[in-house]
Every structure is written in structure tokens, then in C-alpha cells.
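# Could you look at this predicted model? Sequence included:
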Amino acid sequence: MADKFEIVDLHVKIEEREILKGVNLVVSKGEVHALMGPNGSGKSTLANAIMGHPKYTVTQGKILMKGENILEMEPDERARKGLFLAFQYPCEVPGVRTSNFLRLACNARAARELDVVEFYSKLEEKMKFLEINEAFMKRYLNEGFSGGEKKRNEILQMMMLQPEFAVMDETDSGLDIDALRIVSRGVNELRGPDLGILIITHYERILRYITPDVIHILVDGKIVKSGGADLAAHLEEHGYDWIIKEDEPTPVKA
Amino acid sequence: MSTPTTEPILRGTYKEGFHDDLKPVHTVQKGPKHEVIDYMCDVKGEPDWMREFRHRSLDIFLKKDLPQWLPGLRDEIHYDDITYYVSAVEKSANRWEDVPVEIRRTYDKLGIAKEEQKLLGGLGAQIDSEMAYHNIQESLSKKGIIFLSCDDGLKQYPEIFKAHFARAIPPEDNKFAALNSAFWSGGSFVYIPKGVKCDIPLSVYFRINAEQFGQFERTLIICEDDSFCHYVEGCSAPIYTTNSLHAAVVEIFVKERARCRYTTIQNWSTDVYNLVTKRAFAYKNAVMEWVDGNLGSGRTVKYPSVYMLGEGAHGEILSLASADRNMWQDAGAKLVFYAPNCTGRINSKSISGHGGRASYRGLVQVNPQAQNCRVQVNCDALILDEKSRSDTYPVMEIDGDLVTVEHEASVSNVSEEQLFYLMSRGVKKEDAISMIVNGFIEPIVKELPMEFAVEINRLINLQMEGSVG
């Protein structure tokens, strides 16, 4: 209980349209789960609903973090409890320096305020690890960042905030092979007994660098198959069609 | 007197809202009267040409109407209920110790502490009609820099004064310039000699203490060839339930290759009408920069302008307006080109919240002789809630050849996506909003002296309080 992140029968709608139709998923600390699925299956909806995006309405079900239902909490409260979302499209915030933002976020999350020296030495170390150059910190948050820089910034934030459960929403999309390697290195570095990770992805490419313990396949708002790491290779070869054919009636074309 | 702004926002939080019981040395009957002018001229011991100028200006004021494009105001200001001259001091002191104790106390409360003077090249402090204090560092006065109250400028340097006074802004310019010309008192006289760089800012703090009062300070800045100066002013007033009027005139002459920067942070209480005319003449290859921050006053009408009179001049205006509850910031900028190869830039940012209204009014005028000029206008508005309002009135009159004009304008809200992103990192909603707002004005705030930047962020955060719906 205490070391688990549990999604129980989760139903989510956006503007009256039901996207998730009863998702069940348990990630324990120390585990890495991958959630795969075709476009439109509800992957990003799940990520946003977990973090509490106001556009997504949960109509049924629960999300429990260490046994506590987080659905009534605002996103900032969820974050302070140790939840993290690496965004698919990190937002640009003009005029806010990346370093200032990181410092405020770290202080919000930490039980005690980090002193400046402590903060910057930690930041410097993580930036080096992710091959981010110094000038980056003085730039405004995500403004004018390349796709790769934005994603690396997400991993940097994750390393600085040290969450207990992290959801990574298509972190691999739009990354070239070098950036993907660096990002994966960051995730592997974080991997350990104090962190549970849910990687959401369309392609198995990232899973060549980060080996998941469990893979789930989401189709039309439901997890239709779960299995070991070999499931990814099978998907790569055969696509999603065989699962859809196997588990669901053929969708009716509108 | 009508009181359209009787519920001052920040009553609890506007920290400059106190008033002190200062005994006036001089006070006059209410109303814009010729007798008041004669009394002022006698007390100040002014030359005849100034007495004549004041009387002529009052006639212009009484005849002149408000411009058609300027909404409201016509029935709001009751000129007959206003006192046009109130003085709590006999004369401007140049040693802090000589400033009357009660006035010093006022400035202590405002944090214009002695320590702060060490950062400044010169400090002036005006309370109601008169300058209580004006001092300049010896190192600067040795270079020939003059920093006096405008009244003392007239007395001590009559020739330089007369050669520039009312040359950029004649009383005919507009109704409030005429009113100021009739009753002007206080303000600064700054003279930077040829080739002299005044590398530490000169700063003046304006304070209204009296009730139903009109403050008409007049500032005249002359930067001779190849000189430089940075002048900084701040403003505040007590909160009364009746209205006061602040109608200043600022004239600046930036001669060949000289550079002048003028920074204003006004934080008048909402019962002050802030109706100011600011104009600079920029000669050959001169640079004039206005940094204009409007955070207070129930109604501001102010468009700092640069007239490019010499080839290669550059005019730049950074305008920041925050319109909170019961405020209408009608701010903007004017760039007028009379010479070739000049450049200009306007960067305006406004925030409106709690039902406040921010208007940007801008004029870019390029006359036929001004060939090959370039102008860039950026105008961004951030609206915090549905009760608040933002308008943009840009006017372009382009008669020159080969002129490049870029105009960009944007209106935005605090976006749900930005809020969600910041909050997903543990930042509270209120802090996230204030982060986004402070980020929005950052390009202008970073141009300000450190103490002012800190003060602006503090004031903006105050105004943000309770803006979370």
C-alpha cells in the first residue's frame, strides 16, 4: 500500500466525451512500467488526469498514492506529495528564468528550504550529467528551446525534484538519437527503490534504452494486455493491429 | 466634489496611504485664480516675464477644452475645489538636517532613508508644492552638473532657464500643460555640461500630503553635447476620499550625441488624477529613453514623447502599466520624426485585473523630411479576469520615404496550460500567477535600477493578491 501508485477503474471524459473507460494499473516503487498504445487510445489523457489537469473530468474511479486518494487535490498539492509529470509539450513561460523557477519548485517540494549554495551545486551536477550548458539556466523557461532542450529540461526538473512517482508522457517523441540517449541516461540514473515510473510512449524505441519491468497496452481507453519487456518487441514487429483484432471488436468507422 | 474612486483598492495594503499633519507655511484660496498666481510670484520673488507667462497660461487653460479623443474627465474634475499652492517649507534645504522634522518623518516612513542617498548622485524631495530638499554629491557638482529645484534654477541660472523653459511644451499644447504653466512649483532643474557623464542616477521623490490639492511640478533637463544622465522619479500620496490632481510637465533637451534616460515609477493612491505631459527633444545622434511605470492613480493620462529633431537620433519608450481595481491607466508613447536616419522603439506592457482598465495610446508620426527612419512598436496586454479591460489605440502618420515601421500587438490571459505546468511542479496557484505576471513585465523591469525593480515586483505581487478565482 504505502509504496504503491494505484489507478482503480478510472473513467475520464473531456467535454462530454469519455476517453478512459475503466483503467486499472498498479506501479510499485522500484518498478518501471511502460504504457503503450496507438494514437487516440487515451495515453495522454491518462497522464493529464493523473496530474489533475482541469480540462479532464474524472467521472469514476480512484487514483491512490501510497494509499491516499489524490483526485480531490490540486495539481500543486499532488506534486508536493511526490508526483511528477514529464510533459509531452512543456509549456513556454516568458520572462521566468529557468533557474529561478527550479529553485521555487524545489523549495515548494522540499521539507526545508535548500540554501543557495546547496541548490546550485546540485543543479550544476545534474546539468553536467544531462549535458546541458550553463547559459540554459539564464534563459526563460522553455522559451525558444528546441524540442530536445525542452525534454532534457523536463528530466532535469525530475532529477531536482526527486519525486516518488513519475509519469513520462511521450518524452521520446521528437527526440533525435543523441537526445534520446541522454534523456534515457537520466531516467536510468533516477531508477531505484525510491521511485516508481510510468513511461507513456507510442514507439518501443525508448524501451531499448530503458528496460521496463512491465508493459501495458492501452486501446480505446482500456488496458487490453499486460506483459513483460518482450511485448514491446512483438509490437514493433506486428504493430497494434493484432491486439485490437484479438481483444476488441473492430472499431466502427465514423 | 464627485468621488468616483471612493473605494480605494489597497486601503489595507497601500503602504503609502498615511498622511501627516504638516502646518502649511503658505496656502491660498481654492480655485484657478489670477490672484493665486500673483501671490505665488510674490512669495517666490519671480521675474516679470514669468508672472506674465503664468497669467497668459491661466487664460489659455480657462479657454481650452479637453481633447475630443480623451474620454471622461470633463465632468469629473472640479477645478474650483482644488487648492493650487500649498507649501510646508520656506525654502528647499540642501542638508537633510535642515529639512523640517515633520517632513523628514514623512520621508522616513516612505523609506527614503539617508542610506539610500549613498546610491544616488543627487536626491530631491518635494512635498505638495515645494521642494523640501535638494542635494547633489560634491563630486558631481564639481563637474559642473546642476541639480536644483526648478524654482532655484530660474533664480540662479536665469539665462539657461529662459532659453529652454516651455520650448518643448508650450502652454498651448494641452489643457493640463496650460494649468501647470500657470501654477507650476517645484520639480527639478538639471543641467549636464558638454561632455560630462553623470554616472550615478539623480533621483526625486514626489509626495502629495494635502487634501484636494493640485501638484504642478515642473522639470527641465538639459543635456549638452556628448553628455549623459539618468533621472529617476517616484511618487506617492495619502488616501483621502476626495480627489487630488497631479499635473506635471517635464521637458528634456538632449543635444548632439548626448544620452538621457528618465525613469518614473508612479504609485499615487487611487484618488489622485495623474495628468502629465512629458516631452523630449533629441538632436543629432542623441539618444532619449523614457522608462515609464504606472502602478497607481485612479486615472492616468500620460504619453511620454520623443521628438527626433536631428539626424540619427534615437528615441525609446518603455511603458509599463498595471491597472488594478478602480484604476484606468491611459498610458502610451509618442515618437515624432523630423529628421532623416532616425530610429525609435516603443515597448508597452499592460496588466489589468480586478476590473481595472489599461489603454495604450500611441502615436508614430514621420514627417516628409524624415527619410529612412525605422520604428518598432511592441504592445502587449495581459488581462487577468473577465471584469478587466484593455484597449489599444495606435496611430501611425507616415509621410516620409523609405520608412520602416513594425507594429506588433498581443492580448493574452494567464493561460490554463502555463498555470497547470507551473502547478505540476508544486508551485501554488497564487505564486504561479504572480510568476507569470512578473515574467510578462520582466523585459521592462530588467531595465530599472535594482531598488525600483524590487519595488515593482512587490507592488505587482500586492495587486495580485486575491486575484485567484
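That came through fine. Residues are numbered from 1 along each chain as shown, chains lettered A, B, ... in the order given.
# Point me to the helix or strand that includes A:Ile215.
Using DSSP states H and E, the secondary-structure element containing A:Ile215 is strand A:214-219.
# and the next element down the chain from that strand?
Sequence order places strand A:222-227 as the next helix or strand after strand A:214-219, per DSSP H and E.
# which is the next helix or strand following that following strand?
The next secondary structure element downstream of strand A:222-227 (using DSSP H and E) turns out to be helix A:230-238.
# Next, the residues that contact that next one from outside, please.
Residues external to helix A:230-238 that are found in contact with it (C-beta atoms under 8 Å, 6 or more residues apart in numbering or on different chains): A:34, A:36, A:204, A:207, A:212, A:215, A:217, A:225. Bear in mind the C-beta positions are built from the backbone N, C-alpha and C, glycine included.
# I'd like the residues you listed as JSON lines, with pLDDT, distance to chain B and neighbour count appended.
Rendered in JSON lines, the data for the contacts of helix A:230-238 read as follows (pLDDT from 0 to 100; distance: C-beta to the nearest C-beta, whole Å; neighbours: other C-beta atoms under 10 Å in any protein chain shown):
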{"residue": "A:Ala34", "pLDDT": "95", "distance to chain B": "21", "neighbour count": "24"}
{"residue": "A:Met36", "pLDDT": "93", "distance to chain B": "23", "neighbour count": "25"}
{"residue": "A:Glu204", "pLDDT": "83", "distance to chain B": "27", "neighbour count": "20"}
{"residue": "A:Leu207", "pLDDT": "89", "distance to chain B": "24", "neighbour count": "23"}
{"residue": "A:Pro212", "pLDDT": "94", "distance to chain B": "23", "neighbour count": "23"}
{"residue": "A:Ile215", "pLDDT": "95", "distance to chain B": "25", "neighbour count": "25"}
{"residue": "A:Ile217", "pLDDT": "94", "distance to chain B": "26", "neighbour count": "23"}
{"residue": "A:Lys225", "pLDDT": "90", "distance to chain B": "29", "neighbour count": "16"}
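# circling back: tell me the angle of the strand holding A:Ile215 relative to helix A:230-238?
Using axes from the mean of the first three to the mean of the last three C-alpha atoms, to 10 degrees, the interaxial angle of strand A:214-219 with respect to helix A:230-238 works out to 40 degrees.
# in chain A, what residue is nearest chain B?
Using C-beta to the nearest C-beta, the single residue of chain A nearest to chain B is A:Gly95, 2.8 Å away.
# returning to what we had before: out of the contacts of helix A:230-238, flag the one nearest to A:Thr59.
Out of the contacts of helix A:230-238, the one with the shortest distance to A:Thr59 is A:Ile217. That distance is 23.0 Å, counting by C-beta to C-beta.
# elements contacting the particular helix or strand that has B:Phe61 in it?
Per DSSP H and E, B:Phe61 falls inside helix B:48-63. With contacts taken as 3 or more C-beta pairs under 8 Å, 6 or more residues apart in numbering or on different chains; DSSP states H and E, helix B:48-63 sits against helix B:34-44, helix B:175-183.
# Kindly provide the whole-number mean pLDDT of it.
The predicted model gives helix B:48-63 an average pLDDT of 97.
# Go through that helix and flag the buried ones.
Applying a neighbour-count criterion of 16 or more other C-beta atoms under 10 Å in any protein chain shown, the buried positions in helix B:48-63 are B:50-51, B:53-54, B:57-58, B:60-61.
# my guess is B:Leu335 contacts B:Tyr303, does it?
No: here B:Leu335 does not reach B:Tyr303: they are 10.4 Å apart, not a contact under C-beta atoms under 8 Å.
# higher neighbour count, the two?
More neighbours sit around B:Leu335 than around the other of B:Leu335 and B:Tyr303, counting by other C-beta atoms under 10 Å in any protein chain shown; the figures are 28 against 21.
# hang on, that one is in a strand, isn't it?
Yes: using DSSP: H, G, I helix; E, B strand; the rest coil, the assignment for B:Leu335 is a strand.
# That one and chain A: what is the separation?
25 Å (C-beta to the nearest C-beta, to the nearest Å).
# Return the residues of the stretch 1-150 of chain A in contact with chain B.
Contact residues (C-beta under 8 Å from any C-beta of the partner chain) of the stretch 1-150 of chain A with chain B: A:51-55, A:74-76, A:78-80, A:84-85, A:87, A:90-91, A:93-96, A:101, A:104-105, A:108-109, A:140-141.
# If any of the residues you listed are buried, put those into a ChimeraX selection.
A single ChimeraX command is used to select the members of the residues of the stretch 1-150 of chain A next to chain B judged buried by 16+ other C-beta under 10 Å:
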select /A:51,52,53,75,76,78,79,80,84,85,87,90,91,93,94,95,96,101,104,105,108,109,140,141
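# Out of the residues of the stretch 1-150 of chain A next to chain B, which sit inside strands?
Per DSSP state E, strands hold the following members of the residues of the stretch 1-150 of chain A next to chain B: A:84-85.
# nearest to chain A, of the helices and strands packed on helix B:48-63?
Go through the helices and strands packed on helix B:48-63 one by one with C-beta to the nearest C-beta and the one that ends up closest to chain A is helix B:175-183, at 34.0 Å.
# Would you tell me what the next helix or strand after that closest one is?
Using DSSP H and E, the first helix or strand after helix B:175-183 is strand B:188-192.
# how big is the angle separating the next helix or strand after that following strand from strand B:188-192?
Next along the chain after strand B:188-192, taking DSSP H and E as the criterion, comes strand B:202-207. Using the same axes, to 10 degrees, the inter-axis angle of strand B:202-207 relative to strand B:188-192 is 170 degrees.
# ok, back up a step: and the strand holding A:Ile215, what other elements does it pack with?
Taking 3+ C-beta pairs under 8 Å, 6+ apart as the contact definition, the neighbouring helices and strands of strand A:214-219 are strand A:32-36, strand A:222-227, helix A:230-238, helix A:241-247.
# Tell me the pLDDT of A:Ile210.
Looking at A:Ile210, its pLDDT is 92.
# And for it, the neighbour number?
Applying the criterion other C-beta under 10 Å, we find 22 residues in the vicinity of A:Ile210.
# how near is it to A:Asp3?
Here the criterion is C-beta to C-beta, to the nearest Å. By it, A:Ile210 lies 20 Å from A:Asp3.
# just B:Glu386 next, same as before
For B:Glu386, the distance to A:Asp3 (C-beta to C-beta) stands at 45 Å.
# what about those two, which has more around it?
Higher neighbour count among B:Glu386 and A:Asp3: A:Asp3, with 16 against 9, using other C-beta under 10 Å.
# The residue nearest to that one when sequence neighbours are not counted and B:Glu16: what is the separation?
The spatially closest residue to A:Asp3, leaving aside those adjacent along the chain, is A:Lys29, at 4.2 Å (C-beta to C-beta, 6 or more residues apart in numbering or on different chains). Computed as C-beta to C-beta, the A:Lys29 to B:Glu16 distance reads 54 Å.
# Done for today, thanks.
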